[in-house]
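Enquirer: Please find the sequence and the predicted model below.
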Amino acid sequence: MKRLFGTNGVRGITNESMTSDMALALGKAIGSYFQGNIIIATDTRTSNEMLKNAVLSGLISTGCNVFDAKIAPSPALQYYVKNSDADAGVIITASHNPPEFNGIKVVDADGSELAREKESEIEEIYFNEKFKKAGWNEIGKVFDIDILDFYMEGILSLVEPEKIKEKKLKIVVDCGNGAGCYTMPYLLSQVADVITLNAQPDGNFPGRNPEPSIDNVRDLMKTVKASEADLGIAYDGDADRAIFVDENGNFIYGDKTLALVAGYKVEEKKGIVVTPVSTSSCVEEYVKSKGGEVLYTKVGAPIVARKMIEVSAVFGGEENGGLIFPEHQYCRDGGMASISVVEIIAKKERKISELIKEIPSYGMFKAKVKCAESAKIMEKLKEKISGNKFDYTDGIKAYFEEGWVLIRPSGTEPLIRIYAESSDEEKAKKIAEKYKKIIKEMGRD
Ligand code: MG
């Protein structure tokens, strides 16, 4: 059986691997599967209208009614789907990918990313072209809706905006010309004084690349320092991930933010924090020091979210700035992450740099090795790898004196990923290089 959905929905390069024909057929397949009311939204990409209208045409041809939310962050659409009687949602976005990419992601009725089994069923309809065809008098209708206020009010209802605002914090918000332009400046204005950067929606992404990496947010780092702001925030293209900059203009890595919010949540409520095995040990150590515990999962935000539901976790997330708040919804949410970090600074009455300094610091290094037979190599590795403690949640994770290494086959590409952590990056690199060599040699046998 061929696959259409990758780890983040269907994604490709506009008019090459992601075409209007594909979008039309996928719209028909999604509509045939759900047969109900579907909410649709996009990020700010240049190909959004092309893909959205194709998907929309497919959906209504099967008799589905479509509610067009226009441009919105992914978590805004997910929140609306969860809290309305919609049967599903569709988001046209390529998240953090470069401008030439776009994608189609399907959301289930509870707002979560669609489970793999349901994706398979949609794939089967797609590849076999078993589309439902509505009669001439049963074609679906299209309605315009506005979901943004509902989303922002939902987030603000979980904090005390007036109390936070009393602290008179100044925040620089870098929307990266993405979907965050439509919510984040307004949302954050309710709790702080806001300076915006790259806040004009533009699918050419003239301000910066949509990925909020350290190299892409240098302007934000400079602006925070120059404007003597308390905090900087940057989003990816669909604003489900948020990355922060401290008051001195220093980039804060996602694992530190994850640890900060996780520590705050367990301080308040104790309980379990869920994160993938690839996350830095700084999260577990910090959470333990605050009286909570960490539960590890395989890599992938939807997997983290599902585990959180299962164990009634108080918080969860990934080291890339994707934070999941169960009191709000079970998916990554850049707006909720922003408000939470601002709330922590306000309540603790401390600088963000001081709060981050309390979190243990490690160096991480990631590498990958191309290999066609990753399953065989993973078997052989089990005997070859040394350590004091092993974790087989996702591939093999071995802990030893100097740190740990995680070796796991990629779910979508013919390669093996290596993650190593130690007291500093140089040492982590040495560990990663050692296993890279071992895997390469195994591939030659
Ligand atoms: Mg994203």
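Expert: Looks like it arrived, so ask away. Numbering: from 1, shown residues only.

Enquirer: low pLDDT regions in the stretch 51-200 of the chain?
Expert: Applying pLDDT under 70 to the stretch 51-200 of the chain flags no residue at all.

Enquirer: Spell out which parts of it neighbour the ion.
Expert: When proximity is defined by C-beta under 5 Å from the ion, the stretch 51-200 of the chain lies next to the ion at S95. The C-beta positions use only the backbone N, C-alpha and C, and glycine is treated the same way.

Enquirer: quick one, strands of the stretch 51-200 of the chain?
Expert: Under the criterion DSSP state E, counting those that start in this stretch, the stretch 51-200 of the chain contains strands at 65-71, 88-92, 101-107, 142-144, 170-174, 193-197.

Enquirer: Could I get the contacting residues of the residue at minimal distance from the centre of the chain?
Expert: Centroid check for the chain by C-alpha atoms, centre = their mean gives G322 as the closest residue, at 4.3 Å. The contact partners of G322, by C-beta atoms under 8 Å, 6 or more residues apart in numbering, come to 240-241, 254, 301, 332.

Enquirer: Output the strands of the stretch 51-200 of the chain as JSON lines; include the columns mean neighbour count and distance to I377.
Expert: Below are the strands of the stretch 51-200 of the chain laid out as JSON lines (neighbours: other C-beta atoms under 10 Å; distance: least, C-beta to C-beta, whole Å):
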{"stretch": "strand 65-71", "mean neighbour count": "19", "distance to I377": "44"}
{"stretch": "strand 88-92", "mean neighbour count": "28", "distance to I377": "36"}
{"stretch": "strand 101-107", "mean neighbour count": "24", "distance to I377": "30"}
{"stretch": "strand 142-144", "mean neighbour count": "11", "distance to I377": "50"}
{"stretch": "strand 170-174", "mean neighbour count": "25", "distance to I377": "41"}
{"stretch": "strand 193-197", "mean neighbour count": "18", "distance to I377": "45"}
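
Enquirer: Can I get the ones you listed in TSV including distance to I356?
Expert: Converted to TSV, the strands of the stretch 51-200 of the chain look like this (distance: least, C-beta to C-beta, whole Å):
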stretch	distance to I356
strand 65-71	33
strand 88-92	32
strand 101-107	32
strand 142-144	43
strand 170-174	16
strand 193-197	21
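
Enquirer: If I follow the layout properly, M50 ends up in contact with S20?
Expert: Yes - between M50 and S20 there is a contact at 5.4 Å, judged by C-beta atoms under 8 Å.

Enquirer: one step back: nearest to S278, out of the strands of the stretch 51-200 of the chain?
Expert: Counting by C-beta to C-beta, S278 lies closest to strand 101-107 out of the strands of the stretch 51-200 of the chain; the figure is 21.9 Å.

Enquirer: How about residues contacting the closest one?
Expert: Counting by C-beta under 8 Å, 6+ apart, 8-14, 18, 23, 26, 30, 45, 47-48, 51, 55, 74, 77-78, 81, 88-95, 97, 113-114, 118-119, 122 sit against strand 101-107.

Enquirer: Who's the closest spatial neighbour of the residue nearest to the centre of the chain, skipping the chain neighbours?
Expert: Computed as C-beta to C-beta, 6 or more residues apart in numbering, the closest residue to G322 that is not its neighbour in sequence is R332, at 3.6 Å.
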